[in-house]
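S.K.: Predicted model, plus sequence, below.
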Amino acid sequence: MKEYWTSLASLLGVFAFCQTIIQSLFPPHLRFLSLKFFSHFFHCFSSYCYFDITEIDGVNTNELYNAVQLYLSSHISVTGTRLSLTRAVNSTAFTFGLANNDTITDTFNGVNVLWEHIVTQRQSQTFSWRPLPDEKRGFTLRIKKRDKTLILKSYLDYIMEKANEIRRKNQDRLLYTNSRGGSLDSRGHPWESVPFKHPSTFDTLAMDPSKKNEIMEDLQDFVNGQGFYQKTGRAWKRGYLLYGPPGTGKSSMIAAMANYLGYDIYDLELTEVNNNSELRKLLMKTSSKSIIVIEDIDCSINLTNRKKNKNIGGSRGYYDSSVPEVRGVGGSEEGGGNSITLSGLLNFTDGLWSCCGSERIFVFTTNHIEKLDPALLRSGRMDMHIFMSYCSFSSLKILLKNYLGCEGSDLDESVLKELEDVVDVARMTPADISEVLIKNRRKKEKAVIELLEILKVRALRNENIGDEEQEKRALGSDSPRQESKIEDNCKEGEVEKEKD
Ligand SMILES: Nc1ncnc2c1ncn2[C@@H]1O[C@H](COP(=O)(O)OP(=O)(O)OP(=O)(O)O)[C@@H](O)[C@H]1O
Ligand SMILES: [Mg+2]
């Protein structure tokens, strides 16, 4: 230790000596250059190398600077003595940053690095088309020379990735729509966007907790599955089909997924798409880390004709291109190039084009799964079929907590028992129950009693009418129910995982 201090003292002595020589020997205008030369000279003997990341690179903002700032903000604890605080436009979170001229150490792959935030006054305003800030800001990264090649590139890539992740989490989601039809905006973009502020989360979603966890785990596996998808040669995308009566939370589930993953939503209005190539262009203009949604898929495109065509054509398969294509809403008959077809839609979700981008989730919703073409339901097309059903007792408890703030234990045990007995038979949707609770949300007891009364009346009525009639009323349709009573076999929130 003593030797270390001695050598440091002698090094400082040499440095001071050199500085005196520079000041006495060199005229002022050459001093800066000579100092630069000596600093280079000393760096040759240093075991460290330094990288400057300035906020403004020429006249452009340096993306790496912003990324480092965000990345370091996730490392600094609130217990630090002096932190800079920021909140970006459209952001829902505060971020902490290194104050001026502060340092912080970080470890990556077992290698220690040091970051210094350097802020200096800008000497003179150089000519620029855009006014530059008064202060020059930058980060200096110090790495041991021997570690430079080992980590530099991967470390910087890692920082960019982490920063994007933090940005996505902090920033509000965007909801895109193609409601303008095929027309493009001034930047040639077919999608219009608005901030997505839907408050639905998996916490507020009323469904069986174990099914909910299964879906959340599946989403998490998907997000962390880049390596798996790469290894197995599969496109990094996943499809979910949400089906069930109106008001059971299909749209709420999509919002919860987006909020959980921090993804944007592309709400695809199929009736606004004129043909397959337009559909493909829309797909190409979606970003990764997004959920592409087609709501009420059975209403958006006429899929039933396909079955008729198949019968006319004899034993031709679903992928037989000679089968006349089904025309979309507003399209012309017989696939005159001006219509959206089922195969176009299948290509959209599954074909080569569906891979132009990665980490994307497709969600289709329908109230009538029996109306969908089996090609849409076949294995691997939609990875998970999720049945959203009437309110069960476990869902009811979540709604009571959401709307009245009461846990099961807050309620009278006999009332709770009565609720449990009638809720399944009543076959009320979470939307219907929410309405009853919202109306009386300031008077908890009244809300529960009124709900119990309504549930009892509905249960009694359901006991007197057949299953088929109940289903028809729920779906608001007169069409007889299909033989394949898929829904009857599914419990609330049942998740059917397609075999890969
Ligand atoms: N499972 C649920 N959990 C919490 N709230 C729900 C649930 N289902 C419905 N709701 C409430 O009912 C309203 C309507 O629900 P949502 O729009 O998600 O139903 P949906 O299944 O998409 O209906 P549709 O088939 O008509 O599109 C929501 O605003 C929400 O407040
Ligand atoms: Mg909906």
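M.R.: All right, it came through fine. Ligands and ions are numbered 1, 2, ... in the order given.
S.K.: Would you check that Y155 makes contact with F108?
M.R.: Yes: at 4.8 Å, Y155 counts as touching F108 under the criterion of Cβ atoms under 8 Å. C-beta coordinates here come from the backbone N, C-alpha and C atoms, glycine included.
S.K.: Point out where the stretch 401-500 of the chain drops to low pLDDT.
M.R.: 466-500 (pLDDT under 70).
S.K.: For the residue of the stretch 151-300 of the chain found nearest ligand 1, the count of nearby residues, please.
M.R.: Ligand 1 sits closest to G249 of the stretch 151-300 of the chain, with a gap of 2.6 Å, by Cβ to the nearest ligand atom. Neighbour count of G249, defined by other Cβ atoms under 10 Å: 25.
S.K.: separation between it and T429?
M.R.: 8 Å (Cβ to Cβ, to the nearest Å).
S.K.: where do the strands sit along the stretch 151-300 of the chain?
M.R.: Here the stretch 151-300 of the chain has its strands, by DSSP state E, counting those that start in this stretch, at 173-177, 192-196, 237-243, 264-267, 290-294.
S.K.: Residues of the stretch 201-350 of the chain that sit close to ligand 2?
M.R.: 250-251 (Cβ under 5 Å from the ion).
S.K.: Quick one: neighbours of Y48, just the number.
M.R.: Count around Y48 with other Cβ under 10 Å applied: 14.
S.K.: who in the chain is up against ligand 2?
M.R.: So the chain meets ligand 2 at 250-251 (Cβ under 5 Å from the ion).
S.K.: ok, the closest residue to ligand 2 within the stretch 151-300 of the chain - contacts?
M.R.: Nearest residue of the stretch 151-300 of the chain to ligand 2, counting by Cβ to the ion: S251, 3.2 Å away. S251 is in contact with 295, 365, counting by Cβ atoms under 8 Å, 6 or more residues apart in numbering.
S.K.: Roughly how far does it sit from N164?
M.R.: 27 Å.
S.K.: now I361, which residues is it bridged with?
M.R.: R238, I291 (DSSP bridges).
S.K.: In contact with it, which residues?
M.R.: 219, 222, 237-240, 257, 261, 263, 290-292.
S.K.: rerun that using 7 Å as the cut-off
M.R.: With contact taken as Cβ atoms under 7 Å, 6 or more residues apart in numbering, I361 is in contact with 237-238, 240, 263, 291.
S.K.: what does L437 give?
M.R.: Taking Cβ under 7 Å, 6+ apart, one finds 399, 403-404, 447, 451 in contact with L437.
S.K.: among the residues you listed, which are in helices?
M.R.: The helices, defined by DSSP state H, take in 399, 403-404, 447, 451 from those.
S.K.: Tell me the residues of the stretch 101-250 of the chain that contact ligand 1?
M.R.: When proximity is defined as Cβ under 6 Å from any ligand atom, the stretch 101-250 of the chain approaches ligand 1 at 204-207, 246-250.
S.K.: Recalculate using a threshold of 5 Å.
M.R.: Applying Cβ under 5 Å from any ligand atom, we find that the stretch 101-250 of the chain lies next to ligand 1 at 205-206, 246-250.
S.K.: The chain now?
M.R.: 205-206, 246-252, 430-431, 434.
S.K.: Let's see that with 8 Å instead.
M.R.: 200, 204-207, 242, 244-255, 295-296, 365, 367, 388, 391, 395, 398-399, 402, 429-431, 434 (Cβ under 8 Å from any ligand atom).
S.K.: tell me which residues in the biggest helix by length in the chain are buried?
M.R.: Determined from DSSP H, the single longest helix within the chain is helix 145-170. The neighbour-count check on helix 145-170 (16 or more other Cβ atoms under 10 Å) flags 147, 151-152, 155-156, 159-160, 162-163, 166-167, 170 as buried.
S.K.: what about R458, neighbour count?
M.R.: R458: 19 neighbours (other Cβ under 10 Å).
S.K.: Verify the contact between it and T429 for me.
M.R.: No: using Cβ atoms under 7 Å, R458 is not in contact with T429; the gap is 10.8 Å.
S.K.: Look up the residues that both of those two are in contact with.
M.R.: With Cβ under 7 Å, 6+ apart, R458 and T429 have no common neighbours.
S.K.: For F51, name its beta-bridge partners.
M.R.: Counting by DSSP bridges, the residues bridging with F51 are L141.
S.K.: Tell me, what's the model's pLDDT at it?
M.R.: Confidence at F51, expressed as pLDDT, is 93.
S.K.: One more: D134?
M.R.: The predicted local confidence for D134 is 67.
S.K.: do the same with L156
M.R.: Reported pLDDT for L156: 92.
S.K.: From L205, how far out is it?
M.R.: On the measure of Cβ to Cβ, L156 and L205 end up 39 Å apart.
S.K.: most surrounded residue in the ones in helices among the contacts of L437?
M.R.: L451 (27 neighbours).
S.K.: got a list of what that residue touches?
M.R.: Contact partners of L451, counting by Cβ under 7 Å, 6+ apart, are 433, 436-437.
S.K.: Format those residues as CSV; extra columns: secondary structure.
M.R.: As requested, these are exported to CSV (DSSP: H, G, I helix; E, B strand; the rest coil):
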residue, secondary structure
I433, helix
V436, helix
L437, helix
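S.K.: Break down the stretch 351-500 of the chain into its helices, ranges please.
M.R.: Counting by DSSP state H, counting those that start in this stretch, the segments of the stretch 351-500 of the chain that form helices are 374-377, 393-404, 413-426, 430-439, 444-464, 467-475, 486-489.
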